[in-house]
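Novice: All I have is the shape, not the residue letters:
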């Protein structure tokens, strides 16, 4: 079984400073095999915000893998946004916008869903989807996708769903992806996608914000996932006082019909 700590939407430049140490302590205490960071490291893609984001990453004790979010490209400087949108992200965080990790039964592919022309909405890049499908086809193990923008969202969400999201989740189902990790909405969600063609083959987990003061009605949180090809245990870690604490674990089992949540035991 592999353990992933999933954090997102840190938004350095608009953080609750009192949560910085508790978040680092909780992530490190979980002793994950990998930390997945699904974008929005910064609030406005400024250098000092990237400095803080990089300092945070350098204090993680486990290996980490990341993708950019829409806040990680400039909103105010249009020349930088359109001509060199990812220059600072590449310099401070990771030069590879479609990172791949395949080792010891854990296969992870990151997708860059940021659209410089539609700052909020996001888009699917199909050449990166081909990379994901090729990687999943060539490698055995637990297959995980990282993206900033969700491929599905609740009906009451005001933001527009990412372009190409429905088609993309069908393709990821065909390619054998087990889990998709996302952020962006500052809202918690953990449940299987219901693919039209392939049923519940892919489990979605999108977390809220780890550090931002923009809570949108929910607490700061992150997720700890314990995964093998037939089981996913998803624990939500929420900020309470001066610590992140477990707020329940949900267990999903993978069978002929895809992922199904195991009912909670009766008290």
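Specialist: Looks like it came in fine. Everything numeric in this text was worked out from a predicted model, so none of it was measured. Residues are numbered from 1 along each chain as shown.
Novice: What is the neighbour count of the closest residue to residue 67 other than its chain neighbours?
Specialist: The shortest distance from residue 67 to any residue other than its chain neighbours is 4.2 Å, reached at residue 110 (CB to CB, 6 or more residues apart in numbering). (Glycine included, C-beta is placed from N, CA and C.) Look at residue 110: counted by other CB atoms under 10 Å, it has 29 neighbours.
Novice: quick one, phi/psi of residue 110?
Specialist: Main-chain dihedrals, residue 110, degrees, to the nearest 10: phi -100, psi 140.
Novice: Now do the strands in the stretch 51-200 of the chain.
Specialist: Counting by DSSP state E, counting those that start in this stretch, the stretch 51-200 of the chain has strands at residues 64-67, 100-103, 106-110, 142-146, 179-182, 189-192.
Novice: Make CSV from those and add mean pLDDT and distance to residue 209 to it.
Specialist: Shown next, in CSV, are the strands of the stretch 51-200 of the chain (pLDDT from 0 to 100; distance: least, CB to CB, whole Å):
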stretch, mean pLDDT, distance to residue 209
strand 64-67, 98, 15
strand 100-103, 94, 24
strand 106-110, 96, 19
strand 142-146, 96, 16
strand 179-182, 97, 13
strand 189-192, 92, 14
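Novice: Can you lay out those as TSV showing distance to residue 249?
Specialist: TSV is the format used below for the strands of the stretch 51-200 of the chain (distance: least, CB to CB, whole Å):
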stretch	distance to residue 249
strand 64-67	23
strand 100-103	25
strand 106-110	20
strand 142-146	18
strand 179-182	15
strand 189-192	10
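Novice: closest to residue 155 out of these?
Specialist: Smallest distance to residue 155 across the strands of the stretch 51-200 of the chain (CB to CB): 12.4 Å, for strand 189-192.
Novice: what separates the closest one from the chain centre, distance-wise?
Specialist: Distance of strand 189-192 from the chain centroid (CA atoms, centre = their mean, to the nearest Å) equals 13 Å.
Novice: In terms of secondary structure, what does it contact?
Specialist: In terms of contacts (3 or more CB pairs under 8 Å, 6 or more residues apart in numbering; DSSP states H and E), strand 189-192 is packed against strand 203-206, strand 258-261.
Novice: Just the mean pLDDT for the last one, thanks.
Specialist: Confidence over strand 258-261 (mean pLDDT, whole number) is 90.
Novice: List the buried residues of that strand.
Specialist: 258-259, 261 (16 or more other CB atoms under 10 Å).
Novice: Pull the contacting residues for residue 73.
Specialist: For residue 73, the contact set (CB atoms under 8 Å, 6 or more residues apart in numbering) comprises 45, 80-81, 85-86, 89, 114, 116, 119.
Novice: quick one: low-confidence ranges for this structure?
Specialist: Where the chain drops to pLDDT under 70, the residues are 194-199, 264-267.
Novice: For the stretch 151-267 of the chain, just list every one of the helices.
Specialist: Remark: helices assigned in the stretch 151-267 of the chain by DSSP state H, counting those that start in this stretch are 165-175.
Novice: ok so, going back, so which of the buried residues of strand 258-261 comes closest to residue 230?
Specialist: When the buried residues of strand 258-261 are compared for distance to residue 230 (CB to CB), residue 259 wins out at 9.8 Å.
Novice: what's across from the closest one in the sheet?
Specialist: Per DSSP bridges, the residues bridged to residue 259 are residue 254.
Novice: Which one of the buried residues of strand 258-261 is nearest to residue 97?
Specialist: Nearest to residue 97 among the buried residues of strand 258-261, with distances taken as CB to CB, is residue 259, at 28.4 Å.
Novice: That closest one reaches residue 252, doesn't it?
Specialist: Yes: the pair residue 259 / residue 252 is scored as a contact, 4.8 Å apart, by CB atoms under 8 Å.
Novice: what residues are shared contacts of those two?
Specialist: Among the neighbours of residue 259, those also in contact with residue 252 (CB under 8 Å, 6+ apart) are 192, 203, 232.
Novice: Pipe those into CSV and attach neighbour count per row.
Specialist: Below are those laid out as CSV (neighbours: other CB atoms under 10 Å):
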residue, neighbour count
192, 20
203, 24
232, 25
